[in-house]
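Colleague: here is a sequence together with a model predicted from it:
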Amino acid sequence: MASTDLTPSHVYEQPYPAFDINAIDTPAYVVDVSLLRKNMEKLAAVQSESGAKVLLALKGFSMFSVFPIMREYLSGCCASGLNEALLAQEFGKEVHVYAPAFKEAEMRQIIPIAHHLSFNSLAQFRKFKPMLDAAKAAGHAPSPGIRVNPEHSEVEVSLYDPCSPGCRLGIRAEALEGEDLTGVEGLHFHALCEQDSDVLERTVAAVEKRFPRLLEQVRWVNMGGGHHITRKDYDVERLIRVLRTFREKWGKEVYIEPGEAAGLNTGYLIAEVQDIVGAWKTPVAISQPQTTIQHVQAPADSFSYRTPGDARSLARELYRRLQDDARRNDRADAAERLRAETESILAWAQANGCLISPSVFEVRTASFAQLEGGAEHEVLLDQACNRVIKLTTPPNFGARGQAAAYLENLLAYDVLLGFEWCFEGVVQEPEGLVFLTSQPFIAAEQASDEQIDAYFSGQGFIKKRENTYFRSIDGITLADARPANMLRDENGVIFPIDIHILGVNAEDLLAEEESNESACDVLPTAILDLSATAHMPDCLEMPYRPRIFGAGLPGEFPHEYKMGGMSCLAGDVLTGFSFPEPLKIGQRLVFADMAHYTMVKTTTFNGVPHPDIAIYDPTTREYRVVRRFGYADFKNKLS
């Protein structure tokens, strides 16, 4: 398991998917063609304004199903060997080829289709020069060049540094001294990795300093890849100036070959949670005596929000008290039972510092916005604290009327749904007692019926009738789950804000939280239907922490998880993710920026199914799977 502390800042520029993530099969790589066109337009502008030609580096992004789009903007492709060269030929424009070494059989296929051919050593150039000369005499031969090492390194990760000490890629200046370079027509260098144009400017200066004689001789210069051109903070103007200045100074044809920049922030990898495993707690001996919990609440002449833990503990205490009252109360008269319940709640609230003065509360909430609450609640919005306050409408407590039933629903929200709904206190109004609760304000739109169905289906519920769901394993029924009570935010997360939960076991609601007698040793792992090692290898190689929409860093949200892959490799795990709500089996997760250096590097290791490769076009709203993999793909890689 690699460290994944760093998340590249550029991945936060990518918008949430424009398609319904719950309506597709997973796992799936999905490229949004509108985002791809935006990248192409930026690369085409560089090409137009600088006079340099921009090639697609297939090693970073080889999705040939979108070649027709990219062909409109770019001058061709650069390839790293025979197979990529054959694919570059399908692009239909210039084909540039480089490899650390070539075989004769490969060269016989490359020469007829290549326009430029860069060699990694003079030995390779001299070995194949007779073949090139013969091809030229016959009518076609690629223009030959050599790759040089500028010996200027600003790449931080050695795995990706082509100019690191002792690197096999490119010829150093000292190795060219006194050598016969007759027939060399091009100079190729590559020194960048996900970097800005200021690094290119310094690298060009290093090339000019070390290879002036070769620069005078050649017809063309290829400045390689690693240019993060489509990142929002990339200095495009500087890049254009560097390329134009070099062309004018040396009079050469200039190429750059970005790969990652072509697919940057255009692709998503959609996964589904299959299981959640691995969390356990280890008992720890403690020496202090057990004490009674003291709830801290401001006196009745003030009001402030409780912590979720304190609110939950108070709600449990009052719920337990009301249950005990119901068992002891043998009065048949409903009015008498209501009077006794009111007296019990009032006494409990006074004893526990939970009685809130109506006048103080009115002053405290005078600036709060009034929201639509229906017959069950008065609803206020505290914009400063980003919370919604709910006050029950007396003399009833919610839709079921009874105080115990209302608290049961509130507690079930936490136990069953993991949604924060806090008991804040009791207000005594002339019409009767009022329960005051609060929830986080959710900036979201109503979920559709289909999205609600999918959300509850992922938790094992089946739809009994409209807005009502049932789970046979525990007999729980969810009612009033209509779109107005179910919100969906921009990240696709569903929030049930006001539904009724029936059939919950009271013992489950009254179970005390784990005390400090135990401590969590192992975080839960969400098992996904994909693999980090097989489908996101750069995350482990770089390493870096990918962005999951809606997730935060450890400690940012209350529920922390590791992401586990489907392979049997113990280290097929990504760490460092927290979520506002507990993850659910069947929930979809969206990994950002998963077009480049993903599909080109995937494997079928361990027989793990390969994700679909799909295209989404927002202009037509068409989602199209362009490749689905199966057993034959796995078997055909073997013998």
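Modeller: Alright, I've got the coordinates. Residues are numbered from 1 along each chain as shown.

Colleague: show me where pLDDT drops low in this structure?
Modeller: Scanning the chain with the threshold set as pLDDT under 70 gives 1-5, 279-303, 328-335, 373-375, 399-400, 511-522.

Colleague: domain ranges for it?
Modeller: Following automatic domain parsing, the chain resolves into domains at 1-32+266-279+523-639, 51-263, 299-442+497-510.

Colleague: distance to Asp474 and mean neighbour count added to the ones you listed, as CSV?
Modeller: Bear in mind the C-beta positions are built from the backbone N, C-alpha and C, glycine included. Converted to CSV, the domains of the chain look like this (distance: least, Cβ to Cβ, whole Å; neighbours: other Cβ atoms under 10 Å):
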stretch, distance to Asp474, mean neighbour count
domain 1-32+266-279+523-639, 15, 18
domain 51-263, 45, 19
domain 299-442+497-510, 8, 17
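
Colleague: closest one to Gln459 among the ones you listed?
Modeller: domain 1-32+266-279+523-639 (5.4 Å; Cβ to Cβ).

Colleague: quick one, what contacts Asp633?
Modeller: If you count contacts by Cβ atoms under 8 Å, 6 or more residues apart in numbering, Asp633 has them with 604, 610.

Colleague: returning to that earlier point: how about the domains of the chain, which one is nearest Asp453?
Modeller: Each of the domains of the chain has some distance to Asp453 by Cβ to Cβ; the shortest is domain 1-32+266-279+523-639, at 9.3 Å.

Colleague: surely Ala271 touches Gln587?
Modeller: No. Taking contacts as Cβ atoms under 8 Å, Ala271 lies outside contact range of Gln587: 9.5 Å.

Colleague: which strand in this structure has the most residues?
Modeller: Scanning the chain for the strand with the most residues, using DSSP state E, yields strand 267-277.

Colleague: give me the residues contacting it.
Modeller: With Cβ under 8 Å, 6+ apart as the test, strand 267-277 has contacts from 17, 21, 24, 26-32, 524-530, 535-536, 561, 564, 566, 583-596, 598, 611.

Colleague: dump it to CSV, restricted to CA.
Modeller: Written as CSV, here are the backbone C-alpha positions of strand 267-277 (Å, rounded to 0.1, in the frame of the first residue of the first chain):
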residue,chain,number,x,y,z
GLY,A,267,-12.3,11.5,-17.8
TYR,A,268,-14.0,9.8,-14.8
LEU,A,269,-13.7,6.4,-13.3
ILE,A,270,-17.0,5.3,-11.9
ALA,A,271,-16.9,2.5,-9.2
GLU,A,272,-19.4,0.9,-6.9
VAL,A,273,-18.9,-0.1,-3.3
GLN,A,274,-19.3,-3.9,-3.1
ASP,A,275,-18.5,-4.4,0.6
ILE,A,276,-17.2,-2.7,3.7
VAL,A,277,-14.7,-4.6,5.8
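
Colleague: so what's the gap between that strand and the chain middle?
Modeller: Mean C-alpha position of strand 267-277 versus that of the full chain (Cα atoms, centre = their mean, to the nearest Å) differs by 11 Å.

Colleague: who's Leu371 bridged to?
Modeller: Counting by DSSP bridges, Leu371 is bridged to Val379.

Colleague: using the three-state scheme, assign Phe495.
Modeller: State at Phe495, reduced to three classes by DSSP: H, G, I helix; E, B strand; the rest coil: strand.

Colleague: which ones are touching Val148?
Modeller: Under the criterion of Cβ under 8 Å, 6+ apart, the contact partners of Val148 comprise 170-173, 176, 187-189, 207, 210-211, 214.

Colleague: show me where the stretch 201-350 of the chain has its helices.
Modeller: Defined through DSSP state H, counting those that start in this stretch, the helices belonging to the stretch 201-350 of the chain, from first to last, are 212-217, 236-250, 260-263, 308-328, 334-351.

Colleague: with respect to Leu56, which of the ones you listed lies nearest?
Modeller: Within the helices of the stretch 201-350 of the chain, the stretch nearest Leu56 is helix 260-263; the backing value is 5.5 Å (Cβ to Cβ).

Colleague: among the contacts of strand 267-277, which are located in strands?
Modeller: For the contacts of strand 267-277, the ones inside strands are 28-32, 525-528, 561, 564, 588-592, with DSSP E as the criterion.

Colleague: before we move on, the earlier item: which one, of the helices of the stretch 201-350 of the chain, ends up nearest to Pro440?
Modeller: Comparing these by their distance to Pro440 (Cβ to Cβ), the top pick is helix 308-328, with 10.0 Å.

Colleague: that older thread, tell me the two of the ones in strands among the contacts of strand 267-277 that are most distant?
Modeller: With Cβ to Cβ as the measure, no two of the ones in strands among the contacts of strand 267-277 lie farther apart than Asp32 and Thr525, at 29.6 Å.

Colleague: how much space separates Gly492 from Val273?
Modeller: Note on Gly492: its distance to Val273, by Cβ to Cβ, to the nearest Å, is 13 Å.

Colleague: which neighbours do the two share?
Modeller: Both Gly492 and Val273 are in contact with Arg588, where contact means Cβ under 8 Å, 6+ apart.

Colleague: quick check: bridge partners of Arg147?
Modeller: For Arg147, the beta-bridge partners are His188 (DSSP bridges).

Colleague: also Phe423?
Modeller: Thr437.

Colleague: what's the distance between it and His500?
Modeller: Distance, Phe423 to His500, using Cβ to Cβ: 17 Å.

Colleague: repeat that for Phe211.
Modeller: Distance of Phe211 to His500, given as Cβ to Cβ: 76 Å.

Colleague: and the helices in the stretch 51-200 of the chain, which stretches?
Modeller: Under the criterion DSSP H, counting those that start in this stretch, the stretch 51-200 of the chain carries helices at the ranges 67-70, 82-91, 104-110, 122-138, 197-210.

Colleague: residue ranges of the strands in the stretch 401-550 of the chain, please?
Modeller: Per DSSP state E, counting those that start in this stretch, the stretch 401-550 of the chain carries strands over the ranges 422-429, 432-440, 445-446, 462-465, 468-471, 476-479, 486-488, 494-496, 500-502, 518-522, 525-528.

Colleague: who touches the nearest residue to Leu169 once chain neighbours are set aside in this structure?
Modeller: Once flanking residues are discounted, Leu169 sits nearest to Pro162: 4.7 Å by Cβ to Cβ, 6 or more residues apart in numbering. Residues in contact with Pro162 (Cβ under 8 Å, 6+ apart) are 149, 155, 169-170, 190-191, 193, 224.

Colleague: who does the longest strand of the chain pair up with?
Modeller: Sheet partners assigned to strand 267-277 using DSSP bridges are listed as strand 28-32 (antiparallel), strand 525-528 (antiparallel), strand 588-592 (antiparallel).

Colleague: got the angle between the following helix or strand past the last one and strand 28-32?
Modeller: Per DSSP states H and E, the first helix or strand lying C-terminal to strand 588-592 is strand 612-617. Inter-element angle recorded for strand 612-617 and strand 28-32: 20 degrees (by axes from the mean of the first three to the mean of the last three Cα atoms, to 10 degrees).

Colleague: start at 16, not 1
Modeller: I'll keep to 16 as the first residue from here, and by that count the last item is strand 627-632.

Colleague: many thanks, I have nothing further to ask.
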